[in-house]
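> This is a predicted model, with the sequence first.
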Amino acid sequence: MSAAFRKALKSRQKNHRERSQPGFRKNLGLLEKKKDYKLRADDYRKKKKTLDALRRKALEKNPDEFYFKMTSTKLQDGVHVMKQETEEVTEEQLKIMRTQDIKYVEMKRVAEAKKIERLKSELHLLDAEGKPKNRHTFFCDTKKEVRHFDLAERLNTAPELVNRVYNRPTLETLHNQTVKGPTAAKELKKLAKQRRQQYEILSQRIEREREMFVITQKIQTRKDLMDKRLKKKVVKETKNSPAIYKFKKQRKR
């Protein structure tokens, strides 16, 4: 085996170890290696090159230079931002825009109201709070029949189900279709969950329809206030109701 090949063998080579920080220099931290120095030197040269380019650009700048973006930008917090152009509209155009806004919001409110009515017709507002109780009148021929009147017998259902306003099966249905097993219980839970979700959707739509009605009132109020001839004073305005204005009393002839 030749001496050159023996030197080239990786199995015979020793691992290169960089020396550590001497003991009397421990207070200076870790000893900087060559790879650390290269990273630091490259970063220094990059920053120096950027500073030189900026310095050269500042020296060569023409004070009389003009470009069109100067008229459309402004300095805000040290940053150039585009100026927002103001729309030139007349009072008549603004009134038309307000009217269109009212019509759009009103259209959305009517669509929401129709969806609410459809949901109410599907759910029938079962067990809803504040709902007036249904009245079911029974007619009897004699006073004796009135005294011995049995509501469960008349409705042909179990006494425990008399107070239910929905899903009140008859005795024949209870005898023929007996609910048994865990599968039926799961189905009942699933139906109850779907019913709760439908009621939540209904409440959300009612709230959205109310908010749209308030928005319509506020837009209409702003449109009415565009008449600058009348002196007015605002009393109050909340997120649930439009502003209420008090106008100066004026005697009409």
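Nice, I can see it.

> quick one, strands of the stretch 151-253 of the chain?
Along the stretch 151-253 of the chain, counting by DSSP state E, counting those that start in this stretch, strands occupy 232-238, 241-247.

> where among those is the average confidence lowest?
Of all those, strand 232-238 carries the lowest average pLDDT, namely a mean of 66.

> What's the mean pLDDT across the helix or strand hosting K144?
If you go by DSSP states H and E, K144 is part of helix 143-147. Helix 143-147 carries an average pLDDT of 83.

> So which elements touch it?
Here helix 143-147 touches no other helix or strand, going by 3 or more C-beta pairs under 8 Å, 6 or more residues apart in numbering; DSSP states H and E. Every C-beta, even on glycine, is put in place using the N, C-alpha and C of the backbone.

> so how far is that helix from its chain's centroid?
On the basis of C-alpha atoms, centre = their mean, to the nearest Å, helix 143-147 sits 61 Å off its chain's mean C-alpha point.

> With stretch 107-116 instead?
20 Å.

> Return the alpha-carbon coordinates of it using CSV.
Output of stretch 107-116 as CSV, limited to C-alpha atoms (Å, rounded to 0.1, in the frame of the first residue of the first chain):
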residue,chain,number,x,y,z
MET,A,107,-85.2,43.5,1.1
LYS,A,108,-82.9,41.4,3.3
ARG,A,109,-85.1,41.9,6.3
VAL,A,110,-88.2,40.7,4.4
ALA,A,111,-86.3,37.6,3.2
GLU,A,112,-85.3,36.9,6.8
ALA,A,113,-88.9,37.3,8.0
LYS,A,114,-90.1,34.8,5.4
LYS,A,115,-87.5,32.3,6.6
ILE,A,116,-88.7,32.9,10.2
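
> Just the residues contacting it, thanks.
For stretch 107-116, contacts defined as C-beta atoms under 8 Å, 6 or more residues apart in numbering pick out L202, R205, I206, R208, E209, M212, F213, T216.

> so what's the first one up against?
Right, the one you point to is L202. I116, L119, K120, L123.

> at 6 Å what do you get?
Contact partners of L202, counting by C-beta atoms under 6 Å, 6 or more residues apart in numbering, are L119.

> same thing with M82?
Shown in contact with M82 (C-beta under 6 Å, 6+ apart): T73.

> I'd like to know how far it sits from A113.
42 Å (C-beta to C-beta, to the nearest Å).

> And for D36?
Distance from D36 to A113, by C-beta to C-beta: 72 Å.

> which one of the two has more residues nearby?
The neighbour count for D36 versus A113, taken as other C-beta atoms under 10 Å, is higher for A113 (15 against 11).

> Secondary structure element holding that one?
helix 91-123.

> ok, E60 - how many residues close by?
Using other C-beta under 10 Å, E60 has 7 other residues around it.

> Check what pLDDT it gets.
90.

> which helix is the longest one in this protein?
Determined from DSSP state H, the single longest helix within the chain is helix 181-224.

> what is the orientation angle of that helix with helix 91-123?
160 degrees (axes from the mean of the first three to the mean of the last three C-alpha atoms, to 10 degrees).

> contacting residues around the closest residue to E106 other than its chain neighbours?
In this structure, E106 finds its nearest non-sequential neighbour in T216, 5.6 Å apart by C-beta to C-beta, 6 or more residues apart in numbering. T216 sits next to I102, V105, E106 when contact means C-beta under 6 Å, 6+ apart.

> Out of those residues, flag the one nearest to Y44.
V105 (61.9 Å; C-beta to C-beta).

> Verify the stated contact: that closest one with I215.
Yes - if you go by C-beta atoms under 6 Å, V105 and I215 touch, sitting 5.4 Å apart.

> which one of those two has more residues nearby?
V105 (20 against 17).

> who's in contact with that one?
M212, I215, T216.

> could you redo the last one with a cut-off of 7 Å?
M212, I215, T216, I219 (C-beta atoms under 7 Å, 6 or more residues apart in numbering).
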